[in-house]
Every structure is written in structure tokens, then in C-alpha cells.
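S.K.: Build me a model:
(one chain, ligands or ions: 1)
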Amino acid sequence: MPTRILLEGRPGVGKSTVVRRLAALLLNRRAVGFTTEEIRQGGTRTGFALETVDSGLRAVLAHVDLPGPPRVGRYGVDLGVMERLALPPLRSADPARGELVLIDELGRMELACTAFQDVVRFLFTSEIDIVATVHVKSDPFTDALKRRADIELVQVSRANRDALPEDLAARFDSP
Ligand SMILES: Nc1ncnc2c1ncn2[C@@H]1O[C@H](COP(=O)(O)OP(=O)(O)OP(=O)(O)O)[C@@H](O)[C@H]1O
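M.R.: This is a model prediction of the structure:
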């Protein structure tokens with residue numbers, strides 16, 4: 001049975017940092033997937049960049065200056081970035097090669113890509129290990145994942161965010 005972990009936490013608590021540190025700590029496993037981080041200009045958040053875990057490819061996923069569609073809040077989302085960067089490594093992820101999937105995050109912008117929703121549904125029925133971040137806030141797609149009996153829902157807090165990357169790495173790296 002694969003290990004499927006959802007890291008849940010409030011905005012800014014440190015979910016992305018846990019995922020990035022976990023990827024850096026893994027010795028015997030190859031992590032594939034993506035992380036997202038804020039783009040800031042003059043102290044104001046203007047968008048989000050997406051970066052692939054395995055190859056470090058990076059592009060602007062969402063920005064106040066992008067027109068969309070879709071638009072999520074103040075941001076126009078470039079769904080082509082999901083198609084070109086995020087989806088290929090997820091589609092070719094192979095547990096037989098010792099790979100595991102890291103997704104940061106299962107958020108509104110990413111899930112605006114319906115092909116991404118399809119890939120995530122597939123991954124959660126496959127044999128691959130998964131660590132994905134989710135917001136506390138209710139959302140039909142992530143609520144359904146959180147209710148599954150075969151996932152572990154782990155709360156990320158200021159108290160455990162420093163220890164979590166090593167705890168998780170120990171679980172995934174052990175033979
Ligand atoms: N363990 C930590 N120790 C100190 N600072 C941290 C730690 N984890 C995260 N931070 C800081 O907190 C801020 C938010 O971190 P991060 O982006 O990882 O949070 P997040 O939960 O993924 O946020 P969001 O929900 O907005 O995606 C960053 O400035 C980061 O440097």
C-alpha cells in the first residue's frame with residue numbers, strides 16, 4: 001500500500017518549506033512534482049511561480065498582470081504552465097523506479113487545470129507514494145481527498161514544521 005500524506009495548514013505556516021526540505025533530504029528516492037512560491041514586487045505579492053522538483057524548471061503560474069482565463073482572486077492563471085511543466089513529470093512518475101510524488105500545492109490555481117485534477121485522481125489510485133499540501137479551507141476537490149481512508153492528514157504547525165521534513169524523509173528513505 002503506498003503512503004499518501006496530505007500536509008494541511010494555514011496560509012504561511014510553512015507547508016512549502018516542509019516539501020522543499022523533504023525533497024532535499026531524500027537520499028534513496030527520486031522526488032518528482034512541483035512547488036509554488038510567491039512572487040513579490042516592492043513588498044507586495046504579485047503572483048506565484050511554479051518550479052519542478054526534479055529538474056528545477058520554473059515559470060510564472062499566476063500574476064496580477066496576466067489576463068487569464070481563468071482568474072483566481074486578483075491573479076490571472078497561465079494554465080499552459082500546468083500543462084507544460086507540472087503535468088509531464090507527474091504523468092511519468094513511476095514507483096518501480098523508486099520515485100515519489102511531491103505536490104505543493106493542491107490549490108485553487110493549480111486545480112483550475114482540469115487535466116491536473118485528472119492526474120491527481122489517477123495518482124491517488126496508483127501505487128506511488130505521495131506528499132501533497134492542502135489548505136485548511138474547504139474545497140470540494142481537496143475535501144474529498146481528505147475524507148479518504150487511505151490518506152494520512154498531517155497538520156503542519158509552527159511547533160512541528162522544523163521536525164517534519166526529517167520525520168518524513170526517514171519514512172520514505174527507509175528500505
Ligand atoms: N521552519 C521554518 N522556520 C522558519 N521560517 C519558516 C519555516 N517554514 C516556513 N518559514 C517561513 O514562513 C514563510 C511561509 O512559508 P511557506 O511558504 O513554506 O508557507 P506555506 O504554508 O506553504 O504558505 P502558503 O499557504 O501561502 O503556500 C516563509 O517566509 C518561510 O521562509
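
S.K.: where does whatever helix or strand residue 81 lives in sit relative to the chain's centre, distance-wise?
M.R.: Element membership for residue 81, per DSSP states H and E: helix 79-81. Centroid separation for helix 79-81 versus its chain: 16 Å, with C-alpha atoms, centre = their mean, to the nearest Å.

S.K.: So which bits of this structure are right by the ligand?
M.R.: 9, 11-17, 105, 161-162 (C-beta under 6 Å from any ligand atom). Glycine gets a C-beta too; all of them are placed from N, C-alpha and C.

S.K.: With distance to residue 43 and pLDDT added, can I get those residues in TSV?
M.R.: Formatted as TSV, the residues of the chain next to the ligand follow (distance: C-beta to C-beta, whole Å; pLDDT from 0 to 100):
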residue	distance to residue 43	pLDDT
9	24	95
11	17	90
12	15	91
13	21	94
14	20	95
15	22	96
16	19	95
17	20	96
105	23	95
161	24	97
162	26	97
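
S.K.: which of the residues you listed are buried?
M.R.: Buried residues within the residues of the chain next to the ligand, defined by neighbour count using 16 or more other C-beta atoms under 10 Å: 9, 13-17, 105, 161.

S.K.: quick one: which two of those residues are the most distant?
M.R.: Within these, two members stand farthest from each other by C-beta to C-beta: 105 and 161, at 15.0 Å.

S.K.: how near is the residue of the chain positioned farthest from its centre to residue 29?
M.R.: What lies farthest from the middle of the chain is residue 42; by C-alpha atoms, centre = their mean that is 26.5 Å. The spacing between residue 42 and residue 29, counted by C-beta to C-beta, to the nearest Å, is 39 Å.
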